[in-house]
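sequence? don't have it. structure:
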Ligand code: KIV
C-alpha cells in the first residue's frame, strides 16, 4: 500500500469564490445537467457548475424555464453532484418554488441540499426575494442571486432584450445588488445588462459578480455549456462565444455510423466475438 495518499484536488467553496474576487482572480462557471457533462467540466477545472433551470430549454425542449419542476431540478442536481469532485455545484430554484412564501423557499432550498447534495442554490430577483434569501442563508444554505434579465419573469418583461438600459432601472439594479449582498448572497449572476452597469455593480460589491452578456468587468463569466460547445445551432446572441462546433462533429459521426451500418461495414471482424 502506498504511503503517499493520492493528492485530492482542492475543492471550491463559496468562500473560495469570494476570495478569488479579493485577489482579482476571475471565476469560471458553466451549466451542466447530467453526470457525463458534469464530469468533463469538473475535470477541466471549471470553478462552479450551475445546474441551471435552463435544463427546461436545453434538456427538455421547453420554450421557457418556467415548466421545470423542483423534482426535476433535484434529479438533474443529483446527477451533477455525483460527478463533481472539485467544482462548487449551484442549482437553480425553479419558478414558483420560492416566490410564494419564505418558508416554501427554505423548504425548496433544503430539498436541493438534503436530497441532491447541492452546495448552494441560485434564485432570481431583487428586493422582493430578500426575505426568502435571509431565511435560506440563516438555515446554512448559501445563496447566489440573479439580476438583470431574469428568464423566470419573461412574461412580465415580454422580451429577452438587454435590461437596465435606462438610468432608473440601472439605479434600481444597483440597489438590488447591494440588498442581495446585505441579505447574505455569496455571489450574483448579472444577465444581459450593459457592460458599464455591470462594472458599476462589480465595483460596488464585496461579493463576486458572474456575468452572462454583461461584459468583461464582471468577476466571473457563465455560459450555458450547450451554447459554448456549439450544440445549439439556432441560438446565437452576441454574448455567446462558440469554442467548438459539436453540432457538426456529432452529426458527422452519427451519419458515418448510419452509413457504415447500412453498408454492412460496422461491425468488422475485430469488433465481434469469435
Ligand atoms: O439557468 C441558467 O442556465 C442560468 C444561467 C444562464 C445563468 O441561470
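The structure has been received and is ready for your questions. Just so we're clear, the structure is a prediction, and the values are computed from it rather than from any experiment.

Just give the closest residue to residue 79, not the sequence neighbours.
Leaving out its chain neighbours, the residue that sits closest to residue 79 by C-beta to C-beta, 6 or more residues apart in numbering is residue 35, at 4.6 Å. Backbone N, C-alpha and C define where each C-beta goes, glycine included.

leaving aside the residues next to it on the chain, what's closest to residue 227?
residue 240 (4.8 Å).

Same question for residue 176.
Here the residue nearest residue 176, using C-beta to C-beta, 6+ apart, is residue 126, at 2.9 Å.

Could you do residue 108 as well?
Nearest to residue 108 is residue 97, by C-beta to C-beta, 6+ apart, at 4.0 Å.

That neighbour is in contact with residue 110, isn't it?
No - using C-beta atoms under 8 Å, residue 97 is not in contact with residue 110, being 11.1 Å away.

quick one: contacts for residue 257?
Residues counted as contacts of residue 257 (C-beta atoms under 8 Å, 6 or more residues apart in numbering) are residue 266.

brain fart, residue 149
Per C-beta under 8 Å, 6+ apart, neighbours of residue 149: 157, 160, 162, 163, 191, 192, 193, 213.

you'd agree the second one is up against residue 192?
Yes - proximity of residue 160 to residue 192 meets the contact threshold set by C-beta under 8 Å, at 7.4 Å.

Show me which of these two is the more surrounded one.
residue 192 (20 against 13; other C-beta atoms under 10 Å).

which ones are touching that one?
Counted by C-beta under 8 Å, 6+ apart, residue 192 has contacts 148, 149, 160, 161, 162, 163, 212, 213, 214, 239.

Kindly report the same for residue 221.
Residue 221 neighbours (C-beta under 8 Å, 6+ apart): 26, 27, 28, 29, 210, 211, 212.

Mind listing the shared neighbours of residue 97 and residue 110?
Counting by C-beta under 8 Å, 6+ apart, nothing touches both residue 97 and residue 110.

Closest residue of the stretch 1-150 of the chain to the ligand?
Closest to the ligand within the stretch 1-150 of the chain is residue 52: 2.4 Å, counting by C-beta to the nearest ligand atom.

Check that residue and give its pLDDT.
pLDDT recorded at residue 52 is 98.

Residue 236 too?
On the pLDDT scale, residue 236 gets 88.

Same question for residue 9.
For residue 9, the model assigns a pLDDT of 54.

where along the stretch 151-274 of the chain do the helices fall?
154-157, 167-183, 195-204, 225-228, 246-263 (DSSP state H, counting those that start in this stretch).

mind checking how far the longest one is from the chain centre?
Here the centre of mass of C-alpha atoms in helix 246-263, compared against the chain's by C-alpha atoms, centre = their mean, to the nearest Å, lies 31 Å away.

Between residue 97 and residue 110, which has more neighbouring residues?
Taking other C-beta under 10 Å, residue 97 and residue 110 do not tie; residue 97 has more neighbours (22 against 15).
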